[in-house]
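1. Structure, please.
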Amino acid sequence: MKRLIATAALLFMVPALAAAQTTDHQDRGQGYFFFGMGTGTPSSFLHPGIEHVGGGGEGFLYKGVGFGAEAGYANWGGYYGNAVIASGDFSYHFRRHARRGAVDPFVLGGVSFVGPTKVGGGRGSPAGNYGGGANLWLARHAALRLEFRDVVGAQYWAYTHYLSFRIGVTLR
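-> Numbers count the residues shown, from 1 in each chain. Prediction:
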């Protein structure tokens with residue numbers, strides 16, 4: 001008899017527990033893919049037409065503060081050829097919980113590594129990066145990502161800055 005009462009009580013409690021669940025859960029992170037076009041800038045000349053593809057992700061630590069990592073492949077063309085760029089960044093999203101149709105502006109900065117894509121192409125070098133942009137949320141879990149990024153100070157290639165504009169997709 002006790003088992004029958006416990007089972008009946010559980011059956012009555014399950015719908016109440018399900019109704020207490022929220023459908024608007026907190027997103028703890030997001031991933032993104034991008035394509036970028038940019039230029040390298042030493043003090044004396046510009047090198048147009050650098051292509052960059054890659055992806056990454058971020059986890060949110062507290063409110064809009066996040067920590068993320070990304071990896072990408074850049075094609076400089078000419079003498080300098082190709083490179084791998086990997087970064088670890090802290091970011092701040094001003095409207096982290098933006099809904100569909102809203103804009104989530106963000107800023108970021110961190111450390112990068114720029115290295116060769118072929119064996120014997122050198123050791124690569126550390127660098128810094130900073131930038132910002134916005135996620136334009138077109139659907140609940142998908143956004144158009146527009147971003148500007150500057151990779152500063154890598155000695156692997158002849159540029160002191162690699163400035164790029166990126167367009168991509170963010171998923172949460």
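
2. give me the number of residues near Arg149?
-> Look at Arg149: counted by other CB atoms under 10 Å, it has 26 neighbours. All C-beta spots, glycine's among them, are computed from the backbone N, C-alpha and C.

3. give the contact list for the closest residue to it other than its chain neighbours.
-> Closest residue to Arg149 apart from its sequence neighbours, by CB to CB, 6 or more residues apart in numbering: Gly131 at 3.7 Å. Neighbouring residues of Gly131 by CB atoms under 8 Å, 6 or more residues apart in numbering: 107-109, 147-150.

4. List only buried entries from those.
-> 108-109, 147, 149-150 (16 or more other CB atoms under 10 Å).

5. Touching stretch 29-39 from outside, list them.
-> Applying CB under 8 Å, 6+ apart, the set of residues contacting stretch 29-39 is 46-60, 66, 70, 72, 145, 147, 149, 162-172.

6. As TSV, the buried ones among the contacts of Gly131 with secondary structure and distance to Phe33 would be great.
-> Below are the buried ones among the contacts of Gly131 laid out as TSV (DSSP: H, G, I helix; E, B strand; the rest coil; distance: CB to CB, whole Å):
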residue	secondary structure	distance to Phe33
Leu108	strand	16
Gly109	strand	21
Glu147	strand	12
Arg149	strand	14
Asp150	strand	20
